[in-house]
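Visitor: what's the 3D shape of this:
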Amino acid sequence: SSSQLSSVPLQVLFWVNGIYYVCYFIASLAMIFCKSEVYSYPDGFLFSDLTLLFLMAILEALRLYLGARGNLTEAEAPLGISLVMTPGSVFLGVYFLLWQAYVLKADVVLNSVLLLLYGLEAVLKLKTIAAF
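Guide: Next comes the predicted model:
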């Protein structure tokens, strides 16, 4: 008899993270545009903040897709690739938490929750890969 090795909590976390990231992206994009209207962005920072936000969206979509696919098919490779991509997402989350041109309290809250989700996800990915 075969046993199921995929992780239901991890799959739920992928789903929650996907929904949260869509909200995060929309809120961050709106805040960047509001900050560009209210504050004077230093030269090049508006473009770099927008570029990094869109890069993060692409990375996040790919990371979540590979993670969910690897979990559901019980395949180590896609789940492992997703795990290897996580530090890149964490770095971008830290960038938007600490180093973007203007950091608002809303940025701190949004990015703190995102980084918490990344941490939980990484722990569950390691546990799931070990079970495979």
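Visitor: can you pull out the helices in the chain?
Guide: Taking DSSP state H as the test, the helices found in the chain are 8-38, 45-73, 76-94, 105-131.
Visitor: could those go into JSON lines alongside mean pLDDT and mean neighbour count?
Guide: All C-beta spots, glycine's among them, are computed from the backbone N, C-alpha and C. Output for those, formatted as JSON lines (pLDDT from 0 to 100; neighbours: other C-beta atoms under 10 Å):
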{"stretch": "helix 8-38", "mean pLDDT": "97", "mean neighbour count": "15"}
{"stretch": "helix 45-73", "mean pLDDT": "97", "mean neighbour count": "17"}
{"stretch": "helix 76-94", "mean pLDDT": "98", "mean neighbour count": "17"}
{"stretch": "helix 105-131", "mean pLDDT": "97", "mean neighbour count": "16"}
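Visitor: quick one: the closest residue to Leu97 other than its chain neighbours and Tyr102, what's the gap?
Guide: Once flanking residues are discounted, Leu97 sits nearest to Asn111: 3.8 Å by C-beta to C-beta, 6 or more residues apart in numbering. To Tyr102, Asn111 is 13 Å away according to C-beta to C-beta, to the nearest Å.
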